[in-house]
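Peer 1: Here is the input, now give the coordinates:
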Amino acid sequence: MDDQNKNLILATVLSFLVILVWFVLFPPEDAVVDPNAPAVVATTTEAQSPPAVATAGTDATPQAERAEAPRLDIDTPRLKGTISLLGGRIDNLAMKSYTNTIDQKSGIVTLLSPVGEEHPYYALFGWTPAGALGFDDVPGANTLWSQIGTNGLSPETPVTLQWDNGKGLIFQRVVSVDNRYMFTIAQSVSNQSGADVSLSPYGIVARHGTPPDLEGFYLSHEGVVSRADGTLEEIKYKDATKLPLVDREAALAEVREATTDGWIGFTSKYWMTALIPEQGKPFTSVIKYVPSADIFQTETREPLITIAAGATVAASSRLFAGAKEWETLRTYENEGGIAGFIDAIDWGWFFFFTKPIFAVLHWLNAMIGNMGLAIIALTFLLKALVFPLAYKSYVSMARMKELQPEMEELKERAGDDKQKLQKEMMALYKEKKVNPAAGCLPILIQIPIFFSLYKVIFVTLELRHAPFFGWLTDLSARDTSSIFNLFGALPWAAPDANSLMATVFIGILPIMLGVSMWMQQKLNPTPTDATQAMIFAWMPWVFMFMLGSFASGLVVYWITNNLITFAQQFLIMRSHGHTPDIFGNIKASLSRKPAPKPVVTKKTGKK
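Peer 2: Residues are numbered from 1 along each chain as shown. Down below sits the predicted model:
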């Protein structure tokens with residue numbers, strides 16, 4: 001077997017390894033305490049920890065009373081929901097712009113849910129006491145606030161809540177929201193008690209139990225995401241249940257100190273709820289899990305504040321609750337001063353490729369108005385960027401073909417002397433300035449690009465439910481057409497996307513992918529080696545079925561990439577005096593007779 005054949009087999013093996021490694025690395029995964037209960041007494045210089053939020057079964061407030069508590073409407077261009085005056089909780093929130101499925105009648109996506117519903121998930125804010133103050137003296141998760149002024153929250157109208165502890169401390173909270181997904185919570189305390197008091201502001205996002213829609217796929221992080229002084233940390237739900245035990249709270253917790261910037265919250269593939277304390281100031285972030293109640297909790301604790309008698313102090317923090325839209329997150333990072341907020345999107349190992357690739361794709365989609373066409377345009381740009389490197393590889397491959405007659409002569413002269421053959425072939429490569437390994441370079445270039453684009457299509461919200469043309473209504477999902485019903489021509493449905501039938505009865509795009517790979521092979525004659533010929537004969541069709549379940553946007557990219565590569569190789573081969581006999585190669589590959597050894601005449605391309 002000559003070196004060119006070895007390179008072809010190596011290229012085949014590398015291609016299979018790309019898919020194999022991918023599936024190996026990323027397989028599918030199969031009382032909290034009453035806030036008003038006594039707590040450990042803190043000194044005047046240290047605030048107590050915010051108490052964990054109680055479940056309905058252990059809470060002193062009955063579920064019926066909680067459900068009947070007054071509520072304030074939330075209505076913005078992107079959000080709808082309510083705030084409960086019980087604890088001032090932001091616990092009922094849905095996103096107007098996103099439906100649960102591609103079907104517009106499937107209902108909008110719900111993000112936050114109150115206690116009493118199936119999967120509670122909510123945010124609340126308050127103060128932890130220090131010194132002589134106890135939890136009875138500060139508002140807690142079950143404090144009934146009074147509403148002042150307007151009855152509804154919108155970008156134009158903030159809402160104001162107030163609570164008087166009856167001991168000279170008056171707490172006020174002003175909640176405002178922008179036209180996207182950011183809430184601002186401005187808290188103040190007026191001290192009319194006649195003595196200095198010390199408190200510490202906090203924020204909590206709590207969710208009861210593991211999310212019901214947890215995908216459990218390694219490719220996308222789901223769980224806690226936090227940033228502290230430039231360091232991003234991701235902890236899955238299952239890992240949060242293994243944190244160190246904090247005895248005084250009967251909870252598992254991890255504590256991180258930040259001095260300048262940071263944020264913390266819960267994230268899924270597309271949605272996030274995150275606490276953002278005032279940036280530029282120190283704060284403590286806490287990840288907590290309470291086994292007895294099965295509650296996951298993220299917290300921000302800000303430094304202790306001492307309020308002199310007769311004085312008023314204020315503290316402000318923000319809450320992001322919504323969709324991880326790239327442009328929205330970037331705006332909050334660049335204009336809102338939230339460092340690293342764009343990294344709430346899980347860019348993965350190849351983030352240095354993934355982030356710029358998506359930025360270009362987003363720009364192309366804005367210019368073109370169709371994400372499928374944007375993917376095709378992106379493929380052209382990527383091929384143009386790597387063309388100088390790929391050109392050298394294609395030229396080397398073309399020159400290798402020019403050397404075929406001389407290599408055949410070397411084989412005849414060397415006979416069974418492999419060492420002599422190898423030595424003379426290396427001398428020939430050196431004389432003709434040909435690199436036999438260069439043919440593998442295009443495939444090696446494609447590996448990080450392929451993984452990065454796969455990541456982009458899988459985790460970015462902009463690809464979710466993004467249509468192309470015709471039956472391709474969601475580029476983040478597999479091709480829904482199927483041979484089973486003759487691509488919709490027959491009066492029965494295609495197999496379920498998760499079934500084995502769907503793997504066998506693939507759609508139009510995977511078939512186009514297989515054909516494009518097969519046509520690319522036909523630029524060259526069928527290998528004379530029987531084993532090599534068999535591998536190459538099966539490779540396009542194996543890939544066709546293997547990639548049939550991949551996101552259709554990725555298959556669109558691969559088809560486009562194959563077609564561009566076909567055109568590039570064809571033109572380069574012609575420029576080096578070898579015009580590929582595509583139809584002749586197809587005819588020879590369909591023949592049962594062994595393919596004759598090609599004899600290429602330089603400049604004419606005749607055989």
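Peer 1: which residues of this protein score low on pLDDT?
Peer 2: Scanning the chain with the threshold set as pLDDT under 70 gives 1-48, 51-67, 247-249, 397-398, 435-443, 525-529, 591-607.
Peer 1: need the helices for it, in chain order.
Peer 2: Per DSSP state H, the chain carries helices over the ranges 3-25, 63-68, 237-240, 326-334, 351-368, 371-402, 404-414, 418-432, 441-459, 500-504, 508-521, 530-546, 552-575, 582-590.
Peer 1: Generate a markdown table for these, with mean neighbour count and distance to N191 as supplementary columns.
Peer 2: C-beta: built from backbone N, CA, C; applies to glycine. Listed next are the helices of the chain as a markdown table, based on neighbours: other C-beta atoms under 10 Å; distance: least, C-beta to C-beta, whole Å:
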| stretch | mean neighbour count | distance to N191 |
| --- | --- | --- |
| helix 3-25 | 15 | 57 |
| helix 63-68 | 13 | 30 |
| helix 237-240 | 16 | 37 |
| helix 326-334 | 17 | 34 |
| helix 351-368 | 17 | 48 |
| helix 371-402 | 18 | 56 |
| helix 404-414 | 14 | 91 |
| helix 418-432 | 13 | 85 |
| helix 441-459 | 21 | 48 |
| helix 500-504 | 14 | 66 |
| helix 508-521 | 20 | 67 |
| helix 530-546 | 16 | 68 |
| helix 552-575 | 19 | 58 |
| helix 582-590 | 14 | 86 |
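Peer 1: Minimum distance to F183: which of those helices has it?
Peer 2: helix 326-334 (12.1 Å; C-beta to C-beta).
Peer 1: Contact partners for F550?
Peer 2: 454, 478 (C-beta atoms under 8 Å, 6 or more residues apart in numbering).
Peer 1: who's in contact with the closest residue to P540 other than its chain neighbours?
Peer 2: Spatial nearest neighbour of P540, chain neighbours left out: M517 (3.8 Å); criterion: C-beta to C-beta, 6 or more residues apart in numbering. Applying C-beta under 8 Å, 6+ apart to M517 gives the contacts 539-540, 543-544, 562.
Peer 1: Mind doing that once more with 6 Å?
Peer 2: Contact partners of M517, counting by C-beta atoms under 6 Å, 6 or more residues apart in numbering, are 540, 543, 562.
Peer 1: From L523, how far out is it?
Peer 2: Separation of M517 from L523 (C-beta to C-beta, to the nearest Å): 12 Å.
Peer 1: Include distance to K420 when you put the contacts of M517 into JSON lines, please.
Peer 2: Shown next, in JSON lines, are these (distance: C-beta to C-beta, whole Å):
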{"residue": "P540", "distance to K420": "37"}
{"residue": "F543", "distance to K420": "38"}
{"residue": "N562", "distance to K420": "39"}
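Peer 1: what's the spacing between the residue positioned nearest the centre of the chain and V189?
Peer 2: By C-alpha atoms, centre = their mean, the mean C-alpha position of the chain lies nearest to V459, the distance being 2.8 Å. Applying C-beta to C-beta, the value for V459 to V189 is 41 Å.
Peer 1: and what of P580?
Peer 2: P580 sits at a distance of 80 Å from V189 (criterion: C-beta to C-beta).
Peer 1: For those two, indicate the residue with more neighbours.
Peer 2: A count of neighbours by other C-beta atoms under 10 Å puts V189 above the other of P580 and V189, at 22 against 19.
Peer 1: Run through the bridge partners of the more buried one.
Peer 2: Taking DSSP bridges as the rule, V189 bridges to F171, V313.
Peer 1: What number of residues are in the vicinity of the nearest residue in space to T157 that is not next to it in sequence?
Peer 2: Nearest residue to T157, sequence neighbours excluded (C-beta to C-beta, 6+ apart): T150, at 4.8 Å. Using other C-beta under 10 Å, T150 has 14 other residues around it.
Peer 1: I'd say T150 and E156 touch.
Peer 2: No. In this structure, T150 is not within contact of E156 by C-beta atoms under 6 Å, at 9.6 Å.
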